[in-house]
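> Predicted model and sequence follow; I will ask about them next.
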There are 6 protein chains.
Amino acid sequence: MSRELPLDLPLERLDRYMGARDSYSEARAVLFGIPMDFTTSYRPGTRFGPGRIREASYGLEEFSYHQEASLEEVAFCDLGDVAVVFGDPRTTLDRALQVARRVVADGKLPFVLGGEHLVTLPVVQALLERYPDLVLLQFDAHADLREEYLGNPLSHACVMRRCLEAGVRPGHLFQFGIRSGTREEYDFGRRHCRLYPHEVLGPLRKVLSELEGRPVYVTVDIDVMDPAYAPGTGTPEPGGVSSREMLAAIHAMRGLNVVGFDVVEVAPNLDPSDRTVVLGALLIREALLAFAR
Amino acid sequence: MSRELPLDLPLERLDRYMGARDSYSEARAVLFGIPMDFTTSYRPGTRFGPGRIREASYGLEEFSYHQEASLEEVAFCDLGDVAVVFGDPRTTLDRALQVARRVVADGKLPFVLGGEHLVTLPVVQALLERYPDLVLLQFDAHADLREEYLGNPLSHACVMRRCLEAGVRPGHLFQFGIRSGTREEYDFGRRHCRLYPHEVLGPLRKVLSELEGRPVYVTVDIDVMDPAYAPGTGTPEPGGVSSREMLAAIHAMRGLNVVGFDVVEVAPNLDPSDRTVVLGALLIREALLAFAR
Amino acid sequence: MSRELPLDLPLERLDRYMGARDSYSEARAVLFGIPMDFTTSYRPGTRFGPGRIREASYGLEEFSYHQEASLEEVAFCDLGDVAVVFGDPRTTLDRALQVARRVVADGKLPFVLGGEHLVTLPVVQALLERYPDLVLLQFDAHADLREEYLGNPLSHACVMRRCLEAGVRPGHLFQFGIRSGTREEYDFGRRHCRLYPHEVLGPLRKVLSELEGRPVYVTVDIDVMDPAYAPGTGTPEPGGVSSREMLAAIHAMRGLNVVGFDVVEVAPNLDPSDRTVVLGALLIREALLAFAR
Amino acid sequence: MSRELPLDLPLERLDRYMGARDSYSEARAVLFGIPMDFTTSYRPGTRFGPGRIREASYGLEEFSYHQEASLEEVAFCDLGDVAVVFGDPRTTLDRALQVARRVVADGKLPFVLGGEHLVTLPVVQALLERYPDLVLLQFDAHADLREEYLGNPLSHACVMRRCLEAGVRPGHLFQFGIRSGTREEYDFGRRHCRLYPHEVLGPLRKVLSELEGRPVYVTVDIDVMDPAYAPGTGTPEPGGVSSREMLAAIHAMRGLNVVGFDVVEVAPNLDPSDRTVVLGALLIREALLAFAR
Amino acid sequence: MSRELPLDLPLERLDRYMGARDSYSEARAVLFGIPMDFTTSYRPGTRFGPGRIREASYGLEEFSYHQEASLEEVAFCDLGDVAVVFGDPRTTLDRALQVARRVVADGKLPFVLGGEHLVTLPVVQALLERYPDLVLLQFDAHADLREEYLGNPLSHACVMRRCLEAGVRPGHLFQFGIRSGTREEYDFGRRHCRLYPHEVLGPLRKVLSELEGRPVYVTVDIDVMDPAYAPGTGTPEPGGVSSREMLAAIHAMRGLNVVGFDVVEVAPNLDPSDRTVVLGALLIREALLAFAR
Amino acid sequence: MSRELPLDLPLERLDRYMGARDSYSEARAVLFGIPMDFTTSYRPGTRFGPGRIREASYGLEEFSYHQEASLEEVAFCDLGDVAVVFGDPRTTLDRALQVARRVVADGKLPFVLGGEHLVTLPVVQALLERYPDLVLLQFDAHADLREEYLGNPLSHACVMRRCLEAGVRPGHLFQFGIRSGTREEYDFGRRHCRLYPHEVLGPLRKVLSELEGRPVYVTVDIDVMDPAYAPGTGTPEPGGVSSREMLAAIHAMRGLNVVGFDVVEVAPNLDPSDRTVVLGALLIREALLAFAR
């Protein structure tokens, strides 16, 4: 836990993920939040995600029984949040791009706390500049492959389509757990993506060998979970995976060359039990231990 | 999505399930709600079920990844709700019977949104008039086979007993997932019904062949689900099925001659995450695609 | 209450404000919602305002003990909602303008259900085309007079500034109940507006005589209320007026030439008791009776 | 506070209002609950009223700063709740009548915890048998004078009409704070009752002198309060009284011959802050001190 | 259901678990609550556990479909709650010890409703006086083996360490489902306890034979469940067991010599759906049937 | 608003009250939180007060329409929170005393965010060392003058008694708004304190002249407000003051020599509308402007 001691007094400020102690220059993994939910279609609230995930992280331990390892073994820092402009997705994403670019340029791993899924776009853009053959592993209930949503191309329902346009190559987008979309998205996914509907752990294990050594970005839309496990999200879709399965998926990717990670679409206001933010915090801890040690 | 355009203006009214576009005469499946919760014993609120399920339906897609089919292939309409009389179950059920009778008489499939489980009774009564050998498939945590509940025979805890009295023949009631009841209900179920406690998908698959071609009514009491998946219900009973299993159960019945369907006991006020109404809306979409295409 | 009877059956659909029965052509007052909350700065949710206000209206009576009059004496209709584009305030406001223009062109009174306060802008624009000397009576906790908010000029924190730019003349904006803003807004308000901080009923009564006969638009930001009376709003500001005082304010304006009315910034998701939407519904009823009889 | 010590062990059971210590035979005031909400029209939940009011009473002191007196000076007991039959208002009211009759016959004062407003009926019936000239003081937002509600005469919206039919004489029903009803109820109230719309304390003080010495029953529908003060109720009606005013009203009646008292329509499920049940508990304490010392 | 009939009237008081009817002297199993949450580190609220679990028990049946047996076959009573001293864990635990000692001395089985996990300590202390070789079966997400928590040795995060110091012998503490703790706790558990991380049913079945005939105490920290199944707990830890698995675990222990049982860390205020208290009530019913028949 | 720019990037961290920008050495007023609720008797949760009040402060403006002044004119800093030891009030209060002593020794004004009311004790102790004739102005619903509460002298229900023992002189404690307590507290207050039950603004104005020039500490227990205005508190007591009255009380004290200030007993978890924390944040802004400019 973070324990600043201004004036040598018994004071503390619990404002960084798990009390992140490392400086930016020391850090290998760099966390930052993008608290934006301006294009959310059904129920807003993911703007509160980064703050509440940090808060929940203080209820967790730094040591993982899963990986028998401690966050003390990971050099990471927490930069705070991108300053959003309410109602202006374009400017907000530009700012996020600025931050992501700098982190990637400095050879560090971006770990992003959403916000709506659109926040994945600038991070992927920044990474593509360094890794043109970037592989995208998307864990999600929704395909997010629409050309536009109600006339708006810059919507969270289109983010993967925008990532493809930004340079992710054909066949480089792997979709796991997808169970909702239009017929067009389904057909598009079948043709241009590696689509694994409904399932997560099984298909992931099958493709691990072909991913070895390639630069991989992992994006976890929390609604890939069954809403029983993650009710705090804008567009819950029953029939998803369990916490155990998602944790196992993170662990399964341990050997990969993961160059960035995000957890998005956590809407704390929709879950009075706070277990969705706790899960978000836990996924990040496990990802830090798995990908940034 | 429904987009009425009065005056050729960009206006919409989202008041029908999934924007149901077909007229009554065109429709093969006819939805209506019975927003009644007057005999609920523990926690009321299912009166809000039909309205909130419709609302939640706008967060879903018309295309199903499960069945690779779209609601555009189904002719269905949504009649709105039976006008209930608060505190008067008998009159309310009479009105529901009037509506159900007409729908059945016109050769259409009733798709009912509850409301407490008692609303199944008038629909079954209407169907028995046409199909005297109707088979009832009940997915439920509770047996609902009491002779009376605290002296009241017209209680949601007695609805299956009343259905049997209304003419469902011995051995024609199949109960799946039951895990709560009195000793009397247990014994009665063992003797007069096809009782499959706790389990759903396994026993269902075993009986499918003997159901072929027979007229089948499917009633889903949402509390058949584990409360993790459907917390918004009056009398949750831990130890139930998952969303995946229940969806698979709907899909398993695809070949049957289903002549009516309901989802009951959804109490939105008990689930601030709204995932219970989302699940209700999803089960109806899958049922429309499976039984009414 | 609205009682449609398709097929002569005891069915109903409760989807119009107070069961609005009149057609557009008959109506003197025309209700429509603008369920937009894309520039909300603190806590979103006003997108749910119009739907929930309609719902709550069914818990009210058509007869007002306050005015000893019934809605039966008012010709009004409810058009539903403007079709919003999530994340795109500009297009959404254009659509709202289209609707408002038509309503005003047809000589009817627009009654608007917000949505964030920005939705007042297109309605005022439409009215200015007909009434260049339009007077704006703003009931609000916030001045909403910023030049821009975090770099964004099209924010709900700037709506009154935009209305002035759209043509509301100097001294034609009356602000009641204002108790929050920047020093710049305070100075601007003192110079260019008729600013009555904190108070509502007292100053309103004083200016009534000079408003006589002039075309008046009334906009009620629900946060003019003390949060005790209207907790369901994004940026509550303690120290506001009571329900009794606000109702009295509506009644005090009865003799004025009110040409339009809105209630905005109702965020139902922030008030589990639903009393904010009930208050919204009640203010609209009283306004219909006071201004559109 | 109640501190039973079975086995001389440090145990307690907090299940009686304020730890009521007196036996039935010693008691002058007799509390009991009628946890029924079967005819509630808008939002149910008053069935949880009696239990939660008792619970909240343990957060209060026995000593009143208002009256400078302590509950130790009042002999009262708490009988628990009438055993309701879910979905059967008639049988439930019969049982309540049985209890009320016995309490009245034994010369004790009934203090009733609702439940919906219909529970006032059996208590008034029992009292009329002893006091044919009973005066009814109703504090309420709604007139409750309908002939029937949606065809049902036994509805909480009709309870005062039923009380009049049960024998309360013309002019013996005083209504304070009423601000909602149909035109028919308004006219009926004007003709047959002493109707004081909106106001409570002012008119009450005016009629006190003519009430002196007469047997008076006081029924407080919690929705007489503005919803700011009592959000936990099924049909909130903005524009009501404050807690201070209602407390002052109780104190103003101190000299009257109050022969019975109830607090009804408290729906704890609609108020996560629990201040409505706290207010209910406080009104009962003040009423015990004012009327039963 | 419990139906006291004071005065031969239709009254009831629902204040004992499942309407416990037996007297203390008749009872084999003795329930009592310890509503204490004073050392809770993250989110308090378990003080409300015992009361709400009792309340929820009235929504269950006395007959178990799982065990085909009824509570009528078990002699049990419910003593109410230990009188806690807010803010003083030491005195409160002393009082709990007094009660537990008496129950154990009288040859009865203590069934305890927490409260925070610290309440297990006095019960174990009382049992150790009678069974020095007591075996502790802990179902929990957290190891609770800290030497101290933030300098406080008497914290719920240290309770198992304190139990070991109180006399539970090396190797006599079996931990199931543990998935969170410090590295020190992990190492300590590996060395001094029978640690089975993550899993419950599998390892339990493996050790059953070596437990035969030995005196066993079963403590269920509700957070052993995945938060999907039990969100109402202070420190939820995703990745836990399902309701079905936990019920099966209770059933698996049926043949053991269980001398005491508790369910702790249920915080009803964190679960608006109430399914956590329902699960708590159900686990107790199944435990009574499995261990106290 | 606080806008740190690490790395010259558009980042921000919103973790200090109103973005407090001054350093400790520059500051005249020093904010810190004491997030402790270990002796709370009814409903816990004030531990979340300081964090949520800071969060809510970002929804406010720095400029006050009430005082026509801006926080830019006040030099203040925010130290974060005292590091509490869960379940150990004594150690926690010792730590708070350490912090308060240092702040007072440096000639600065402590502004404290509670936490339960007990946190006032160490601040008063620290101030008494410098101002032996300190005057205490307590705004509160409860007397807090008990000798002990359920045997515990270190309870929030005893804090004013402990302050008197710590050295506040007879007649130096002024109590405003008190409306709950035992008879003993009432008598003690009448004898040894300046007790003004129920009222706030009236009596305050009367005593202002005798307070001139004397060192004054102001403690605001948020439950002095009517629960309508501040539902988020552990022991709400209906009949309190409005937001307007409490704001006016702060403004009335503007000329006094206020040497310290606190807002306590804010329990955010009990108020889903967040208006209690908004009010807390607003009272602190007004107090900073009134007492520390």
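Thanks, I have the structure now. Numbers count the residues shown, from 1 in each chain, chains lettered A, B, ... in the order given.
> Roughly how far does the nearest residue to A:Leu79 once chain neighbours are set aside sit from E:Ser23?
Nearest residue to A:Leu79, sequence neighbours excluded (C-beta to C-beta, 6 or more residues apart in numbering or on different chains): A:Phe32, at 4.2 Å. Every C-beta, even on glycine, is put in place using the N, C-alpha and C of the backbone. According to C-beta to C-beta, to the nearest Å, A:Phe32 and E:Ser23 sit 64 Å apart.
> And those two? Which one has more around it.
Per other C-beta atoms under 10 Å in any protein chain shown, whichever of A:Phe32 and E:Ser23 has more neighbours is A:Phe32, with 24 against 10.
> Which residues does the more buried one form beta bridges with?
Judged by DSSP bridges, the bridge partners of A:Phe32 are A:Val112.
> The stretch 1-150 of chain A: strands as residue ranges?
For the stretch 1-150 of chain A, the strands defined by DSSP state E, counting those that start in this stretch occupy A:11-12, A:29-34, A:63-64, A:69-70, A:76-82, A:109-114, A:135-139.
> thinking again about what came up before, what's the spacing between the residue nearest to A:Leu79 and chain D?
For A:Phe32, the distance to chain D equals 34 Å [C-beta to the nearest C-beta, to the nearest Å].
> do the same with A:Ala228
23 Å.
> what's the pLDDT at that residue?
Turning to A:Ala228, the model gives it a pLDDT of 98.
> Which positions in chain A make contact with chain F?
Applying C-beta under 8 Å from any C-beta of the partner chain, one finds that chain A approaches chain F through A:3-4, A:6-7, A:9-15, A:24, A:32, A:51, A:55, A:79-83, A:95, A:98-99, A:102, A:272.
> Specify the local secondary structure of the most centrally placed residue in chain A.
Nearest residue to the geometric centre of chain A (C-alpha atoms, centre = their mean): A:Asp262, 1.8 Å. Recorded secondary structure, A:Asp262: strand (DSSP: H, G, I helix; E, B strand; the rest coil).
> Do I have it right that it meets A:Thr120?
Yes: counting by C-beta atoms under 8 Å, A:Thr120 is a contact partner of A:Asp262 at 5.7 Å.
> which neighbours do the two share?
Counting by C-beta atoms under 8 Å, 6 or more residues apart in numbering or on different chains, the common neighbours of A:Asp262 and A:Thr120 are A:Val112, A:Gly114, A:Thr219.
> does A:Phe176 sit in a helix or strand, and which one?
Here A:Phe176 sits within strand A:173-178, counting by DSSP states H and E.
> Tell me the spacing between whichever residue of chain A sits closest to chain D and chain C.
Among residues of chain A, the one nearest chain D by C-beta to the nearest C-beta turns out to be A:Pro272. It sits 9.1 Å away. Distance, A:Pro272 to chain C, using C-beta to the nearest C-beta: 10 Å.
> Now for that residue, how many residues are close by?
Other residues near A:Pro272 come to 22 when the count uses other C-beta under 10 Å.
> A:Gly255 now?
A:Gly255 - counted by other C-beta under 10 Å - has 12 other residues nearby.
> what residues are up against it?
Here A:Gly255 is in contact with A:Leu208, A:Glu212 (C-beta under 8 Å, 6+ apart).
> That one - that's part of a helix, no?
No: counting by three-state DSSP, A:Gly255 is not found in a helix; it is coil.
> Find me the pLDDT at it, would you?
Reported pLDDT for A:Gly255: 94.
> And the one 5 residues further on, by the same measure?
At A:Gly260, the model reports a pLDDT of 98.
> That one and A:Lys108 touch, don't they?
No: using C-beta under 8 Å, A:Gly260 is not in contact with A:Lys108, being 9.6 Å away.
> Can you point out the helix or strand that includes A:Val168?
Counting by DSSP H and E, A:Val168 is found in no helix or strand.
> Next one: it from chain E, what distance?
Separation of A:Val168 from chain E (C-beta to the nearest C-beta) stands at 30 Å.
> That residue - how many residues pack around it?
The local packing of A:Val168 (other C-beta under 10 Å) involves 23 other residues.
> Now do the contacts for it.
Applying C-beta under 8 Å, 6+ apart, the residues contacting A:Val168 are A:Val124, A:Leu128, A:Leu134, A:Leu136.
> Please tell me how far the residue nearest to A:Val99 when sequence neighbours are not counted sits from chain C.
Leaving aside its chain neighbours, A:Val99 sits nearest to F:Leu9 (5.0 Å; criterion: C-beta to C-beta, 6+ apart). In this view, F:Leu9 and chain C are 16 Å apart by C-beta to the nearest C-beta.
> same thing with A:Arg95?
10 Å.
> check contacts around A:Arg27.
That one is not Arg; residue A:27 is Ala. By C-beta under 8 Å, 6+ apart, the contact set of A:Ala27 is A:Ala75, A:Phe76, A:Cys77, A:Lys108.
> Whichever of the shared contacts of A:Asp262 and A:Thr120 end up buried, select them in PyMOL.
In PyMOL syntax, the buried subset of these is picked out as below (16 or more other C-beta atoms under 10 Å in any protein chain shown):
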select buried, chain A and resi 112+114+219
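> What residues does chain A have near chain E?
A:58-63, A:65-66, A:68, A:70, A:226, A:228-229, A:242-244, A:247, A:272-275, A:278-279, A:282.
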